[in-house]
Structures are given as C-alpha cells and as structure tokens.
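Chemist: after the sequence you'll find the predicted model.
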Amino acid sequence: MDGKKRGFTAGVLATECAKADPHGALSVPVYQNAAFEFPTAEAMELAFTGRTADHAYSRITNPTVEHFERRVREATGALSVTALNSGMAAITNMFFTLARAGANVVTSPHLFGNTYSLLKSTLADFGVETRFAEMTDPASVATKIDRNTCAVFLEIITNPQMEVADLTALSAVCRAKGVPLVADTTVIPFPVFRAADNGVDIEVVSSTKYLSGGATGLGGLVVDYGTFDWSRSPKLSAAAKAYGIDPREAFTAKLKREIHRNLGAYMTPQAAYQQSLGLETLEVRYARASQTALAVARGLEGVPGVVSVNYPGLPSNRFHGVAVRQYGEAPGAMLTFDLASQEACYGFMNRLRLVCRATNLFDNKSLAIHPWSTIFGTFPEAVRSSMGLSPCTIRLSVGLEDASDVLSDIVQALG
Ligand SMILES: *Cc1c(COP(=O)(O)O)cnc(C)c1O
C-alpha cells in the first residue's frame, strides 16, 4: 500500500485513535466543547503563546478537527491542512492569507458563483483587484501577471462550462513569474488528482462535496504543499520575518496563527467526525460515481432532444486529452448537456423521477439543476453570458445509483 494513502483506508490513524482513547474507540470521538481546562497558569501561558500544542478554544483548534486535518495531510502528503466550515470559508481564508489592498488575483471568469462574487464584490471593496484571463491559454495568463499579483487561481474543471486547463503549462508560467498557483480541486478528489504533482502550490476544496460522505454537511479545506518560496511575496515574507520561520512555511503560519482565528470559520467537531468517515470511503464512492458519469455521458450522446453533451471523458470533448492525462479516463462525476431551450430544460427537470432537482455536487444521489436560472439567476444576463453560461444547459451530478437507472430516468424525462 502507498504510504501516503494509509490514513485513508483506515488502519493507522484509526488504530492510533483507539490507543489514545480510554475506551479504545475505533473512530475519533467528537469533542463537542468550546474550551479546554489547564492544570496550571504556566501551562496556559505556554499554550496561549504557541510554545505547546495544547488545545485552548475550539475556534482555533479542536482534537476532532485536528484528527481530520492529520488524516488529510497523510493522504495528500501536504505540509499543512486547515479545515474550515465550508468551501467558501476555505477560499476566503486562502485569499485573506495571500492578498492585501493593491494586490491582484489572475483568474478565469468561469468560476463558482460565490467565488466570483467574493472576488468581484467582497474583496474588491478591500482593494484587491481581479484580472480575468483564459486559463486554457497560458500565454494570455502570463500577460496579466505583474509584481502585485498574489496568485493565479483556477478551478480544475470549471462548473458548468467544464473547461480543463493544462496545469503543467500553467504552472510553468507561474514558476517563471514567481507567482503561486492556487487551485480549487473540489471536482476531482485528492486520491485521484495529486495537486502538487501537477504544479499546484495551494489547494482549496469544498469538502461538502465528495468528502462529506453523502452531503452530511458543509466543510472546506486549505491544503498547503510547502512548494512555494514566499520570500517572493511582500506580505508573506514579512510574516516569515516576524515569526522567525522558513519562508516556505509563511503561508501556513499566517493562516494558522492569524487569519483563520480572526475569520472564525473553523470546522465544527461534528462535521470533522462525519468527514473523517467520508474520507474512509472516498476512493470507493468516487470510482463508482465517476464511472457512472462516463457511462451516462456516453449513453446521452445521440439521444433525440439532446443538443450536446459536455463531459471531458468523451473523446469528442475538446479537453479530452488534457482531462484524461490529469484526472483519468472518467474525469469526475459532473457533466452538463444542452437541450433546445430554457422551456425544454424546465420540462425535463419537471419530469425527473429518480434524479433529484437540487443544487450541490457529489451527493450519493444524482442531482440535476438548471444553473442559468438558479445558481446564477441573480447575475445580470450580460455577466452570465460573459461567464460562458447558457439558458439551455442542464448540470447533472451523478450519484451512486445504477448507471442504467440514471440514464433511463433522463431519457424518459426528455419526453
Ligand atoms: C460547492 C463549491 C464551492 C463552495 O463550497 P461550499 O462548501 O458550498 O461553501 C466552491 N467551489 C466549487 C468548485 C464548488 O463546487
């Protein structure tokens, strides 16, 4: 067994957990408390000044959450993992760690709706500029980077456009320019997509999706691979000096010692417990759901009423080569397809029987949504068009049902 993966499948940390627990509990106990008592004033001083790792308060650290973070660290081989209360909390914590007024972020306009709004509205109010570039065209990304660029940020398969950037080419541009590559990898989980091997320095994940084990609750992760030399970043090199640490650890130190404590969105113990269980079955569920997505995508091609199917696992897809190289032959459990009109999409949605009408991705149940009128429904039409959205698109997130059942429900709903 691959050493880096041992934390997953069970053994090592579960056993460690049982040894540490007075009752030998095989799953991590849920420490559902706010504060921790200290034996002495001296022990308190040591903990509060960071000289011991004792827990003091659950907004900052908690044994159940820390256990989950350690298991993800084992699974990814990262320098550090920080668990937050949602994917958006992870993305917000990451940008607050990297950016400051006057800095800019180079990214694609094809972003998760709240990430787009975080950049264009929330962070813009704090003086952080967003510059859009085509991530599938690394040369155009290079032209947007300057000395104030704090990150190149992308989603590894955009939702719902399903674009796949070549990460080797993009990371070469970032390396040459001295800028970190930050990726939202929610759509392909880390046992399959090894972010650091693809040149990603910082990974953010909505663990609400695959990791939670079936939409059990919200969660997010910031994963720092320790691959970037932050002495190139004015903000983080100053932090490294102030803390007296190696510049490669500056991002983790700034995030763990300051940002996540101040933003107050640490993962809750209950969520960490559920997500630790989700972690144990992640590879099995992902393998099943992604193979089903591939089968459904293949089955939908050529079905009357379906104008086009967008799934990078199909040889007809323009990103097929790069997607298969980076994410394997079944790249994820999300696909989209276009019907003739918005009315056709509504009729389809209303006739579904097995597939649920719901947002979210990577539940154990298959979910369908019309992104144009829902997730992006409050965006001005011109913005929606500039984001590459269409009123004719249905997004499907494939669950753990039988592939032929999912496909036959879709075919009957096409009418
Ligand atoms: C869902 C999602 C998010 C936001 O995650 P939450 O857990 O809902 O806050 C961010 N990025 C991507 C790609 C997502 O799918």
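Modeler: Yep, that arrived. No experiment lies behind these values; they were computed from the predicted model shown.

Chemist: which ones are touching the residue in the stretch 51-200 of the chain positioned nearest to the ligand?
Modeler: Going by CB to the nearest ligand atom, the ligand is nearest to Gly87 of the stretch 51-200 of the chain, at 2.2 Å. (C-beta placed from N, C-alpha, C; glycine too.) Contacts for Gly87 (CB atoms under 8 Å, 6 or more residues apart in numbering) come out as Phe112, Asp184, Thr186, Val204, Val205, Ser206, Ser207, Thr208, Lys209, Leu218, Gly219, Gly220.

Chemist: now, which of those residues lie close to the ligand?
Modeler: Phe112, Asp184, Thr186, Ser206, Thr208, Lys209, Leu218, Gly220 (CB under 6 Å from any ligand atom).

Chemist: which two in those residues are spaced the farthest apart?
Modeler: The largest separation in the ones next to the ligand among the contacts of Gly87, counting by CB to CB, is between Asp184 and Leu218 at 15.3 Å.

Chemist: show me which of those two is the more surrounded one.
Modeler: The neighbour count for Asp184 versus Leu218, taken as other CB atoms under 10 Å, is higher for Asp184 (25 against 20).

Chemist: can you name the residues bridging to that one?
Modeler: Beta-bridge pairing for Asp184 (DSSP bridges): Glu155, Val204.

Chemist: ok, now which ones touch it?
Modeler: Residues in contact with Asp184 (CB under 8 Å, 6+ apart) are Gly87, Ile91, Phe112, Thr115, Phe153, Leu154, Glu155, Ile156, Glu203, Val204, Val205, Ser206.

Chemist: got it, and Gln270?
Modeler: Gln270 touches Val30, Gln32, Gly217, counting by CB under 8 Å, 6+ apart.

Chemist: and for Leu396?
Modeler: The contact partners of Leu396, by CB under 8 Å, 6+ apart, come to Ala293, Val296, Met334, Leu335, Thr336, Phe337, Val355, Ser366, Leu367, Ala368, Ile410.

Chemist: beta partners for it?
Modeler: Using DSSP bridges, the bridge partners assigned to Leu396 are Leu335, Ala368.

Chemist: hmm, back to that, what is the burial count for the closest residue to the residue of the stretch 51-200 of the chain closest to the ligand other than its chain neighbours?
Modeler: In space, Gly87 comes closest to Ser206 once its chain neighbours are excluded; the distance is 2.5 Å by CB to CB, 6 or more residues apart in numbering. Using other CB under 10 Å, Ser206 has 28 neighbouring residues.

Chemist: was I right about Ser206 contacting Gly217?
Modeler: No: here Ser206 does not reach Gly217: they are 11.7 Å apart, not a contact under CB atoms under 8 Å.

Chemist: how about the strands in the stretch 151-300 of the chain?
Modeler: Listed in chain order, the strands of the stretch 151-300 of the chain (DSSP state E, counting those that start in this stretch) span 181-184, 202-206, 220-224.

Chemist: now those as CSV including mean pLDDT and distance to Arg175?
Modeler: Output for the strands of the stretch 151-300 of the chain, formatted as CSV (pLDDT from 0 to 100; distance: least, CB to CB, whole Å):
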stretch, mean pLDDT, distance to Arg175
strand 181-184, 98, 8
strand 202-206, 98, 14
strand 220-224, 98, 17
